[in-house]
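Colleague: Next come a sequence and a model predicted from it.
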Amino acid sequence: MKIVVTGSRGQLAQSLVERACGRPDIEIITVGRPDLDLARMETILPAIERCRPDLVVSAAAYTAVDQAESEAEKAFAINALGAGAVAEAAASLDVPVIHLSTDYVFDGTKEGSYCEDDTPAPLSVYGASKLAGERAVVTANPLHVVLRTGWVYSPFGKNFVKTMLQLAEDHEEIAVVNDQWGNPSSALDLADAILVAAGLMTQRNRDQVSGIYHLSGTGIASRADLARHVLSVSGTHGGPSARVRNVPTTDFPAPARRPANSSLSCARFAEIFGRTMPAWQPSAETTVRRLLRDRPG
Ligand SMILES: NC(=O)C1=CN([C@@H]2O[C@H](COP(=O)(O)OP(=O)(O)OC[C@H]3O[C@@H](n4cnc5c(N)ncnc54)[C@H](O)[C@@H]3O)[C@@H](O)[C@H]2O)C=CC1
């Protein structure tokens, strides 16, 4: 199975490459700028067509949540129009698309975890642009799986786990919000689950699994819980550590509003694809230990 993944340097793209490594049944080809630029529609079909994929994973996105508030046009061009064009390119080749979306399509006011049928109500430009992208993908390609995830971290790129470790290098105490709740998700775990879904989607009756799904790490945490766990694991293994002080979101004024509760129920993915993501704590520990091991010096 040949899979084209958009966004060569992204956390998820790099995780897919790593997880497929050594598997003779899977070939991953990543495509990114300048060859495939979601803001330049004319680049999208040629870049994908050239690879002759069996399936496309649409992982590239404008992910700067705060910056999007002042760059709405760009965020929508990439996350809505660009995502739609990727799905359309896959459709023109008669292959399925797995498109990544976000927990930030919800407003966070629900008590309990969000199901796929809950009504989205994004609080931010980023969330609104990703929701528009979901709709564009569903319209453009009948063979689609839209995966909403949240709080993604990995050994690659920029993410919350790496930021906490960096801050702990030169701070004894770090203030972290304890009134935003979600599901920390390892990009490497996501990659494993996506490869399972990709296998099913390229088999016969592939259109029967089309739909929107939630897929995130198992278990709920606040940002402060995640920070505390990361720094405790790091301290235990000789890495940087710091105290975590709980603060409310109002202590960190930011351009974009974030949902207070964006926990996702992943039962539908488990039912259809037979896979549940691991608990967030051991996965975060694995990533922290790897980051410590790979530290320069
Ligand atoms: N990082 C997170 O916490 C979350 C991410 N997601 C979604 O999951 C997907 C994967 O996320 P990550 O791997 O963490 O993102 P990332 O920010 O690590 O990578 C995004 C990639 O998209 C590329 N990109 C940006 N603009 C582009 C353009 N105009 N043309 C082509 N490529 C472009 C970037 O260069 C980068 O390689 C994205 O769709 C994101 O919206 C959903 C929920 C949470």
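Modeller: Yep, that arrived. Numbers count the residues shown, from 1 in each chain.
Colleague: Around the ligand, pick out the residues from the protein.
Modeller: 7-12, 32-33, 36-39, 59-63, 78, 100, 102, 130, 149-152, 157 (Cβ under 6 Å from any ligand atom). (C-beta placed from N, C-alpha, C; glycine too.)
Colleague: Let me see the ranges of the strands in the stretch 101-250 of the chain.
Modeller: Assigned by DSSP state E, counting those that start in this stretch, the strands in the stretch 101-250 of the chain fall at 144-149, 152-153, 173-177, 181-182, 185-186, 211-214, 221-222, 243-247.
Colleague: Make CSV out of the ones you listed and add mean neighbour count, mean pLDDT and distance to residue 274.
Modeller: CSV is the format used below for the strands of the stretch 101-250 of the chain (neighbours: other Cβ atoms under 10 Å; pLDDT from 0 to 100; distance: least, Cβ to Cβ, whole Å):
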stretch, mean neighbour count, mean pLDDT, distance to residue 274
strand 144-149, 26, 98, 14
strand 152-153, 26, 98, 22
strand 173-177, 18, 98, 35
strand 181-182, 23, 98, 24
strand 185-186, 27, 98, 18
strand 211-214, 20, 98, 13
strand 221-222, 20, 98, 25
strand 243-247, 16, 97, 36
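Colleague: and these as TSV, adding distance to residue 275?
Modeller: Shown next, in TSV, are the strands of the stretch 101-250 of the chain (distance: least, Cβ to Cβ, whole Å):
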stretch	distance to residue 275
strand 144-149	12
strand 152-153	17
strand 173-177	30
strand 181-182	20
strand 185-186	13
strand 211-214	11
strand 221-222	21
strand 243-247	32
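Colleague: Which of the ones you listed sits closest to residue 197?
Modeller: strand 144-149 (5.8 Å; Cβ to Cβ).
Colleague: From the contact counts, what lies against that closest one?
Modeller: Counting contacts by 3 or more Cβ pairs under 8 Å, 6 or more residues apart in numbering; DSSP states H and E, strand 144-149 packs against strand 97-102, helix 125-140, helix 187-201, strand 211-214.
Colleague: Can you name the residue of the stretch 1-150 of the chain nearest to the ligand?
Modeller: The nearest approach of the stretch 1-150 of the chain to the ligand comes at residue 10, 2.6 Å away (Cβ to the nearest ligand atom).
Colleague: I'd guessed that residue sits against residue 159; true?
Modeller: No - counting by Cβ atoms under 8 Å, residue 10 stays clear of residue 159, with 10.9 Å between them.
Colleague: Please say which of the two ends up with more neighbours.
Modeller: Per other Cβ atoms under 10 Å, whichever of residue 10 and residue 159 has more neighbours is residue 10, with 23 against 17.
Colleague: quick one: that one from residue 33, how far?
Modeller: According to Cβ to Cβ, to the nearest Å, residue 10 and residue 33 sit 11 Å apart.
Colleague: Could you do residue 240 as well?
Modeller: Per Cβ to Cβ, residue 240 is found 33 Å from residue 33.
Colleague: Could you list the low-pLDDT ranges of the stretch 151-297 of the chain?
Modeller: By pLDDT under 70, the low-scoring segments of the stretch 151-297 of the chain are 204, 297.
Colleague: quick one, helices of it?
Modeller: With helices called from DSSP state H, counting those that start in this stretch, the stretch 151-297 of the chain shows them at 160-169, 187-201, 223-236, 267-273, 280-293.
Colleague: tilt between the third one and strand 243-247?
Modeller: Helix 223-236 runs at 180 degrees relative to strand 243-247, counting by axes from the mean of the first three to the mean of the last three Cα atoms, to 10 degrees.
Colleague: Now do the buried residues in helix 223-236.
Modeller: 223, 224, 225, 226, 227, 228, 229, 230, 231, 233, 234 (16 or more other Cβ atoms under 10 Å).
Colleague: residue contacts, the last one?
Modeller: When you say that, I think you mean residue 234. 165, 168, 240, 241, 288, 292 (Cβ atoms under 8 Å, 6 or more residues apart in numbering).
Colleague: Please indicate which of those are buried?
Modeller: Among the contacts of residue 234, those scoring as buried are 165, 168, 240, 241, 288 (criterion: 16+ other Cβ under 10 Å).
Colleague: gap between the last one and the ligand?
Modeller: The spacing between residue 288 and the ligand, counted by Cβ to the nearest ligand atom, to the nearest Å, is 17 Å.
Colleague: Could you pull up the contacting residues of residue 286?
Modeller: Counting by Cβ under 8 Å, 6+ apart, residue 286 touches 186, 188.
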